[in-house]
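Peer 1: sequence plus the predicted model coming up.
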Amino acid sequence: MRVSRDGRGETWLTDAQKNRILGLARMVPRDELLLGLQLERGWRIGSIVGCHNRVTYTRKRTGEKVVCIVDLPGIRKEDVGPETIMVRFKGGRTEADYPGKKWLRLAQRLASKTEEGERIIPLSEWHSTNILRKYARLAGVPNWDRLHNHRQRAYFGTFWARKTGRDPWKVQSLMGHKDLRATEVYVKQLSLEEKKKLLDKS
């Protein structure tokens, strides 16, 4: 289990747990799309959800009240096309990406019910983490409260690295990395079982 910056371990989902979570989310299309793009497509949560909120918080050290505007673009109605969804990547880069037939259809259905310029999943990153944890708890995932959105992206990268025979170009394309060095983390990570298979074949 990976230890996060706050010293707590982070939970990784198995394929069976992921499938149970997606099965439970089918009743709420917004939640199903959010979790599907995250768990099965590996999109960053900041590319999926969007909101414009005025947040007030108190700084711990000074006790000063601070007002912060949270403006996440997310997926808007006009981003959903007939074959692709426009995705905002890290660094402000925007490009069309294919989410898979199932998730594209669901995004189109949700987009048809929204107004021009409106976000189809109007949530903050914090709310999306709570949705992931809620379904994980319902699915019986141990340590569900230690799940984090970005961990699932790492799982997606490692999964596709293994499935593509560690082809860095394919994994880079699937994950939307601008720089191949970001992809190398997933391509180079070999499990003990994989090392055994490779060494025993030679």
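Peer 2: Everything's here; your move. Numbering: from 1, shown residues only.
Peer 1: and Asp71, what's its pLDDT?
Peer 2: Reading off the per-residue confidence, Asp71 sits at a pLDDT of 72.
Peer 1: wait, what's in contact with it?
Peer 2: For Asp71, the contacting residues are Cys51, His52, by CB atoms under 8 Å, 6 or more residues apart in numbering. Placement of C-beta: from N, CA and C, glycine included.
Peer 1: compute the number of surrounding residues for the nearest residue to Trp43 once chain neighbours are set aside.
Peer 2: The spatially closest residue to Trp43, leaving aside those adjacent along the chain, is Leu37, at 4.7 Å (CB to CB, 6 or more residues apart in numbering). Residues within reach of Leu37, counting by other CB atoms under 10 Å, total 26.
Peer 1: what packs against the helix or strand harbouring Leu37?
Peer 2: For Leu37, the host element (DSSP states H and E) is helix 29-39. Helices and strands touching helix 29-39, by 3 or more CB pairs under 8 Å, 6 or more residues apart in numbering; DSSP states H and E, are helix 15-25, helix 45-48, helix 101-111, helix 125-138, helix 149-163.
Peer 1: where's the residue nearest to the spatial centre of the chain relative to Gln152, distance?
Peer 2: Closest to where the C-alpha atoms of the chain average out (CA atoms, centre = their mean) is Gln38, at 3.1 Å. The spacing between Gln38 and Gln152, counted by CB to CB, to the nearest Å, is 5 Å.
Peer 1: now do the shared contacts for the two.
Peer 2: Leu132.
Peer 1: look at the nearest residue to Gly117 once chain neighbours are set aside and report its pLDDT.
Peer 2: Distances taken as CB to CB, 6+ apart place Arg76 nearest to Gly117, at 6.1 Å, with adjacent residues excluded. Note on Arg76: pLDDT of 92.
Peer 1: Arg76 pairs with what?
Peer 2: Beta-bridge pairing of Arg76, defined through DSSP bridges, involves Arg119.
Peer 1: I figured it was touching Ile120, is that so?
Peer 2: Yes: shown here, Arg76 and Ile120 form a contact pair, counting by CB atoms under 8 Å, at 7.0 Å.
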